[in-house]
Structure formats: structure tokens, C-alpha cells
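A.B. asks: Here is my input; please provide its structure:
(chains A and B)
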Amino acid sequence: GQQLNQSPQSMFIQEGEDVSMNCTSSSIFNTWLWYKQDPGEGPVLLIALYKAGELTSNGRLTAQFGITRKDSFLNISASIPSDVGIYFCAGPDTYNAGNMLTFGGGTRLMVKP
Amino acid sequence: DGGITQSPKYLFRKEGQNVTLSCEQNLNHDAMYWYRQDPGQGLRLIYYSQIVNDFQKGDIAEGYSVSREKKESFPLTVTSAQKNPTAFYLCASSAYRDTEAFFGQGTRLTVV
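C.D. replies: Prediction:
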């Protein structure tokens, strides 16, 4: 079963606001991945993190690999309507799934124009 | 262009019929996966394959079957034994089991 917990489960924000979401695990991860799924489409990889403490940006998106290696964070600055979708964290779960890629339950983002 | 292709995008079937969903990748990836997604929910792993002619059950394999006769292809059959088959099905592939996965566009299956 899933070992990654994403928070919050959903967010409803005003256009222009900044967004923060996180992903936590009970075990250490060596890689953190963040995906975005547009409605009716497959998830698309946004950012990949490979080192504890790493901070990586992709446009208005910034993700960080937590120093404990048990969490990761995704921030979106100045949100726009096309940011709507479900954001998933993922990583290879060494301790619970034989290094199999494991996904969090997702954070659903809704943006009000 | 390299990528992963699922077909069809939308599929309708009558209850009691088996249906096969196609997934093809030209990324030369060893690992392939099938996920099920229900409205407003996350991804649940149905089956995965790390190499040709080998596959393992995921968390919700009951009522589904797969084959991996070619590296590029990983079709999923939704059998009549699956009690609630209506869902959005996603196929993915990755170079290895612990590397980034790339997803297809999904197949929305509706059973009436």
C-alpha cells in the first residue's frame, strides 16, 4: 500500500496566490518526484530531486528534498488558472516496496480566477 | 517522437464482456505499469512488469490480466470478473523500477 502522505488533500485558492504542499514518508527516500495531472490526462513529471536539501525550480514551481529525506515540498508562486489539477509526489520506496516507485494520494488544486 | 501511447482514449463496453486496453512505448524502458484511478482519487497499482515475459500483481490485480510478450507493449485485459470496471486507466513506463515513470494519456473505460 501507499507509504506517502500528501497534504493538503485539496486546496481552493485565488488566482495570484502562492501555493505550498508537502509529502511525507515514514521511511527514507533517495529520490523525490513531483507530477501534475491535468483533468482527463496522464500525470506529467514536473521536477525530480536526487539529493537531501536540494532545491530545484521549474518556472513558477519550486521543490525541495527535505533534509531528513522523509519529506519533500512543492511551492507554486503566483498561481494561474492553468495550475488546476492534481499534484502527486512519488519516489522509489526502498524499505517497504523493494525500491518500487510509490505515489502519494495527491493534492487537488483549484484556482479561482 | 519518443513516448508512451494508450489507445483508445474512450472505451465503452457492456457488462460481462472482457476488454483489452493497449499500451505501447518506444522509450526502450524495461519497466511498465498499469494504474487505476477513480474520480477524485489517487493512483492504484494493478500490475507491473520489469522485464519481458514477467509481471507481478499490484495492489488491486483481481479481475485484471496482463501480458508482456514484447518490451514495447503491455496490454491490460479487464475481465468480467472485475466488479467495478468503470474507471480511468493509466499506463506508465520507466527505465528501471526505481526511476522516473512516464505516463500515457489514459483510457477512460465505461461499462454499461
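
A.B. asks: Residue A:38 touches residue A:85, doesn't it?
C.D. replies: Yes: in this structure, residue A:38 is within contact of residue A:85 by Cβ atoms under 8 Å, at 4.9 Å. To be clear about C-beta, it is placed using only N, CA and C from the backbone, and glycine gets the same treatment.

A.B. asks: Neighbour count: the two, which is higher?
C.D. replies: Each of residue A:38 and residue A:85 had its neighbours counted (other Cβ atoms under 10 Å in any protein chain shown), and the higher figure belongs to residue A:85 (20 against 13).

A.B. asks: interface residues of chain B facing chain A?
C.D. replies: Selection of chain B residues close to chain A by Cβ under 8 Å from any Cβ of the partner chain yields B:6, B:33, B:40-43, B:48, B:59, B:88, B:90, B:92, B:94, B:97-106, B:108.

A.B. asks: Please repeat the previous calculation with a cut-off of 6 Å.
C.D. replies: Selection of chain B residues close to chain A by Cβ under 6 Å from any Cβ of the partner chain yields B:42-43, B:90, B:97-98, B:100-101, B:103-106.

A.B. asks: and these as CSV, adding secondary structure, pLDDT and neighbour count?
C.D. replies: Formatted as CSV, the entries for these read as follows, by DSSP: H, G, I helix; E, B strand; the rest coil; pLDDT from 0 to 100; neighbours: other Cβ atoms under 10 Å in any protein chain shown:
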residue, secondary structure, pLDDT, neighbour count
B:42, coil, 90, 18
B:43, coil, 93, 27
B:90, strand, 97, 27
B:97, coil, 72, 19
B:98, coil, 75, 18
B:100, coil, 89, 17
B:101, strand, 92, 25
B:103, strand, 96, 22
B:104, coil, 97, 23
B:105, coil, 96, 15
B:106, coil, 97, 22
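
A.B. asks: and the residues you listed, which two are the farthest apart?
C.D. replies: Farthest pair in the residues of chain B next to chain A (Cβ to Cβ) is B:98 and B:105. Separation: 24.2 Å.

A.B. asks: As a markdown table, the residues of chain B next to chain A with distance to residue B:66 would be great.
C.D. replies: Formatted as a markdown table, the residues of chain B next to chain A follow (distance: Cβ to Cβ, whole Å):
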| residue | distance to residue B:66 |
| --- | --- |
| B:42 | 21 |
| B:43 | 16 |
| B:90 | 14 |
| B:97 | 16 |
| B:98 | 20 |
| B:100 | 22 |
| B:101 | 16 |
| B:103 | 17 |
| B:104 | 15 |
| B:105 | 19 |
| B:106 | 17 |
